[in-house]
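Engineer: any chance you can model this:
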Amino acid sequence: MIRLSTIALAAALMAAPLPALASEVAAPPSLSLSADGIVSATPDTAIVTTGVVTEAETAGAALTGNNAAMRQLIDAVTGAGVEKKDVATSGFSIEPVMVYPQPKADGTQDPPRITGYRVANQVTVKIRKIEAAGDLLDKVVRAGANQVQGVSFTVEDSAALLDRARAEAMRKARAKAEVYAAAGGFKLGRILSISEATGFMPPPAPYARMAMAEVAPADKVPVALGEQQLQVTVSATWEIQEAR
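Structural biologist: Below you'll find the model as predicted:
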């Protein structure tokens with residue numbers, strides 16, 4: 001019996017969980033910080049969404065009129081030097097034009113009725129010669145565009161600018177880490193992790209929405225480019241080493 005108990009005890013000890021191993025060792029102390037790197041640049045590309053809204057008694061008549069106006073608009077855009085690859089349809093709709101009668105004196109109300117149809121067609125245009133943006137807006141309105149839904153500016157080739165922002169963000173993060181190390185009496189060890197987030201901070205862009213607008217020949221569309229800021233936020237974690 002003693003022999004069997006000894007064997008059972010040994011088996012129980014072997015089955016018992018082992019002490020915490022290396023995988024459960026506490027992670028080394030670390031310092032995590034983040035910093036922003038921001039680079040400013042003058043936009044070199046404009047993106048404009050423009051189009052034509054047409055109304056008529058029938059859907060067919062509205063569509064026919066809209067098609068003709070859109071052909072004139074696209075011809076004006078490409079005639080101004082914009083390549084066909086930079087002109088893309090971005091919206092198209094046909095909807096009834098409804099009239100809702102006022103309530104009568106007795107409180108009743110006639111049902112709404114359709115008085116016509118409205119066709120809307122929009123194209124998004126990328127203007128690579130940004131200095132021509134004002135003239136192009138002028139031309140598309142004169143060609144029949146009665147809707148400009150948005151104008152935005154961007155930097156076409158931003159890779160080099162983002163690299164500059166990354167380097168600035170990392171320098172700032174390292175400088176902050178050195179301040180903490182000096183104040184805390186420790187040394188910075190190896191970098192344990194780095195992550196980033198990028199973003200663009202464009203200036204408020206001109207926005208216009210023109211309905212059946214007529215522009216006098218002497219008018220010109222002023223365009224203010226402003227500056228665009230490209231931002232990279234870097235988050236880094238350093239291992240903390242005791243000062244020697």
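Engineer: pull the longest helix from the protein.
Structural biologist: Using DSSP state H, we find that the single longest helix of the chain is helix 159-184.
Engineer: mind showing which ranges of the chain have poor pLDDT?
Structural biologist: Counting by pLDDT under 70, the chain has low-confidence residues at 1-25, 200-221, 244.
Engineer: other SSEs contacting the longest helix of the chain?
Structural biologist: For helix 159-184, the contact count by 3 or more CB pairs under 8 Å, 6 or more residues apart in numbering; DSSP states H and E identifies strand 30-41, strand 186-201, strand 228-242 as packing neighbours. Placement of C-beta: from N, CA and C, glycine included.
Engineer: give me the sheet partners of the next helix or strand after the shortest one and which way each runs.
Structural biologist: Yep, that's strand 30-41 we're talking about. The helix or strand immediately downstream of strand 30-41 is strand 45-56, counting by DSSP states H and E. According to DSSP bridges, strand 45-56 has the following sheet partners: strand 113-127 (antiparallel), strand 147-154 (antiparallel).
Engineer: can you give the domain ranges for the protein?
Structural biologist: 27-42+157-204+227-244, 45-154 (automatic domain parsing).
Engineer: the strands paired with strand 45-56: which one's closest to Ala197?
Structural biologist: Smallest distance to Ala197 across these (CB to CB): 18.5 Å, for strand 147-154.
Engineer: next, the buried residues of that closest one.
Structural biologist: By neighbour count, and taking 16 or more other CB atoms under 10 Å as the criterion, the buried residues in strand 147-154 are Gln147, Val148, Gln149, Gly150, Val151, Phe153, Thr154.
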